[in-house]
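Asks: need a structure here:
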Amino acid sequence: MIRAGRRSFVQNSADLAAAMGLKIGSFRNQQPYEQDGFPATISPPEAKSKLWDSEQTAAYLAGNPVPALPQTDDDEDLLERTEAAAALDVTPKTWDSYKKDPRIAPHLVKVKGVEHCPRGVLRAFRDPVPAQDRAPSHRPKGSGDMVPRDELEPRVGELLDADPGLTLATVQEQLGVSYSTAARVLPRLRGERIADQLAAQRDLTPQQAARRLGYPASVHHTAIGHARTELRGRAFRRYVQAVADELAAAGLAQEQDVAMVHVADDAVAAAVVLSANAPAPALVWDERYGWRTATSRRHPIGRDTGRPPEGEGVRYLGPNLRPPGEGVLAAVYDGRRGTRRPTGAHPAGA
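Replies: The predicted structure is shown next:
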């Protein structure tokens, strides 16, 4: 399984072969991972696609002690097919039917091409809360989240400040929100609070900040990952705000305060809403792809699937991830500039 907060460390055969300087054919023939002491796969032995934790393999290849992975189960652990089946005490073939259930299907994620399911989703599916035991605020079947979007983060923040050990299940019960909503908001708020600590005390380590805030050890990896993304977003915000100010000065947009949003792949993005007479409703800056046009003023960033948005009205303004404001302005007005797809995917933080 992929332990909570370890998704960015997942390594497949091609990744590991490249790290070892081997062609994939030679890697498969030599099977260096069968050597004594080589880190075990994080995928089950019977899995068709082998996965490793790159922090472990890098340590092994460097001749250093291999760090242990977290052992405590977490709702954000990601389980592959046979593990998910075992968690529900069914066969993998039965799991193939179960995973189509609307309580499961929306939460499935692919990591390195392998489908996984969050442990918390499996737990909620296996152990539904009896109707008579549900709090009055629990959302009715088929309904959306009961807390308005603009109130959600402050409400979760209040619960977190009162109880550093706050769980996803408690957020669901207290606020009547879905698992996916709780899993999106709670870890990020923990990350923001860790980032606040690190910004205020530069010699503090992320682990020290997490312990100071009283967060359970089982959530440290995930929360620290969000903290790093948050700090990166704060640094990028200065650039995006400067461009937004230049666009406003040129009459292409109203003056506005940009907000950095955490998106897939541990990346950040921000939107700048344009004026009514502009060539596009809005612009989006994404640290992976740079600037692009957006088709909606209300939800310009949209739902992030981990893939670059494409389609009618979406135009990537150039390969430079952080061009000056005048370059962005010129590209918006010149429809010949840019491409329908980003010129290349850039890893978060690159």
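Asks: Setting aside sequence neighbours, what's the nearest residue to A58?
Replies: Closest residue to A58 apart from its sequence neighbours, by CB to CB, 6 or more residues apart in numbering: A19 at 7.0 Å. To be clear about C-beta, it is placed using only N, CA and C from the backbone, and glycine gets the same treatment.
Asks: Excluding chain neighbours, give the residue nearest to Q201 in space.
Replies: Closest residue in space to Q201, ignoring its immediate chain neighbours: A209 at 8.0 Å, by CB to CB, 6+ apart.
Asks: give me every residue that touches the one you found.
Replies: I194, Q197, L198, Q201, A227 (CB atoms under 8 Å, 6 or more residues apart in numbering).
Asks: any idea of the mean pLDDT for the longest helix anywhere in the chain?
Replies: Using DSSP state H to define each element, the chain has its longest helix at helix 220-249. Mean pLDDT, helix 220-249: 94.
Asks: Please apply the same query to stretch 41-58.
Replies: Stretch 41-58 comes out at a mean pLDDT of 92.
Asks: sorry, back to before: following the longest helix of the chain in sequence, what is the next regular element?
Replies: strand 261-263 (DSSP states H and E).
Asks: Name every strand pairing with that following strand and say which way it goes.
Replies: Strands adjacent to strand 261-263 in the sheet, as given by DSSP bridges, are strand 267-273 (antiparallel).
Asks: follow-up on the earlier one: and the angle from the longest helix of the chain to strand 267-273?
Replies: 30 degrees (axes from the mean of the first three to the mean of the last three CA atoms, to 10 degrees).
Asks: Which other helices and strands does helix 220-249 contact?
Replies: helix 179-200, helix 206-212, strand 261-263, strand 267-273, strand 282-286, helix 325-333 (3 or more CB pairs under 8 Å, 6 or more residues apart in numbering; DSSP states H and E).
Asks: Switch those over to TSV; also include distance to P154.
Replies: Below are the helices and strands packed on helix 220-249 laid out as TSV (distance: least, CB to CB, whole Å):
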stretch	distance to P154
helix 179-200	10
helix 206-212	22
strand 261-263	17
strand 267-273	21
strand 282-286	25
helix 325-333	33
